[in-house]
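**Q** here are the coordinates; sequence isn't available:
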């Protein structure tokens, strides 16, 4: 996963996300993930990049038989375990591309909710995910939509056409690095921006057949600082669901 540790803003992250996610996650991002994931009842699930465990808990509430969850931040895992102890979730502290001692052919579903863009090598990631999935198992991810800059233009965070064009021209760059942190408003969080084609190629190249792409209308974008909510018809987020074949 990202080399940046979330430990230094873990408490603030948990304050914003809470037990079941912030507003944008609840109304836009999480529904896209679960639409891509399909039915969770009686499934064995592994949530990679779980943060404070908000999605892992939802998976448990949706009837998953067994839930594993991992995050690079020891502090976030500690929060997940101690603040929300009623959920029986197998939490692990590890980088998102570390699959050591994860049982092969064990999981019905792998989820990555807004965490895949912290992974540098997604070809290796999906290769490893295929190994731990059962035959016919699924992987569901959410990430920023390639049109997110257009969403920003729609919500007037990008004020000029020139600025919009400058930021959009890098769309096809593979593994372009973007260093910014919406939680701290500092340049201390490494994100890898990719065109949609790179996710399709990495999934398909590892025998993961994409059967659903979710482009939810951005009902409202919530601001973590000030509570302002802005509507946009342009999708800011993207969900992808794929099946092991």
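**A** Noted; the coordinates are in hand. What you see is a predicted model; the values in this text were computed from it and never measured. Numbering: from 1, shown residues only.

**Q** what about residue 213, which SS state?
**A** At residue 213 the chain is in strand, as set by DSSP: H, G, I helix; E, B strand; the rest coil.

**Q** For it, which residues are in contact?
**A** Residues near residue 213 by C-beta atoms under 8 Å, 6 or more residues apart in numbering: 36, 238, 239, 240, 241. Every C-beta, even on glycine, is put in place using the N, C-alpha and C of the backbone.

**Q** hang on, the fourth one in a helix?
**A** In other words, residue 240. No - applying three-state DSSP, one finds residue 240 to be strand, outside a helix.

**Q** Enumerate the beta-bridge partners assigned to the nearest residue to it once chain neighbours are set aside.
**A** Of all residues not flanking residue 240 in the chain, residue 141 sits nearest, at 5.2 Å (C-beta to C-beta, 6 or more residues apart in numbering). Under DSSP bridges, the beta-bridge partners of residue 141 are residue 112, residue 240.

**Q** Please list only the buried members of the contacts of residue 213.
**A** 36, 238, 239, 240, 241 (16 or more other C-beta atoms under 10 Å).

**Q** From the residues you listed, pick the one nearest residue 27.
**A** Residue 27 has its nearest neighbour among the buried ones among the contacts of residue 213 in residue 239, at 13.7 Å by C-beta to C-beta.

**Q** Hmm, residue 35 and that closest one touching each other?
**A** Yes - counting by C-beta atoms under 8 Å, residue 239 touches residue 35, with 6.3 Å between them.

**Q** who touches both of these two?
**A** Common neighbours of residue 239 and residue 35 (C-beta under 8 Å, 6+ apart) are 212, 214.

**Q** picking up where we left off before, and the contacts of residue 213, which two are the farthest apart?
**A** 238 and 241 (11.1 Å).

**Q** what is in contact with these two at once?
**A** 213, 214.

**Q** Residue 198 versus residue 167, what's the distance?
**A** To residue 198, residue 167 is 18 Å away according to C-beta to C-beta, to the nearest Å.

**Q** more neighbours, these two?
**A** Ranked by neighbour count (other C-beta atoms under 10 Å), residue 167 and residue 198 place residue 198 first, with 17 against 14.

**Q** The more buried one: which element?
**A** Per DSSP states H and E: residue 198 is located in helix 196-204.

**Q** Do you have the helices of this protein handy? List them.
**A** 10-17, 23-24, 30-37, 54-61, 74-83, 122-132, 148-154, 161-168, 196-204 (DSSP state H).
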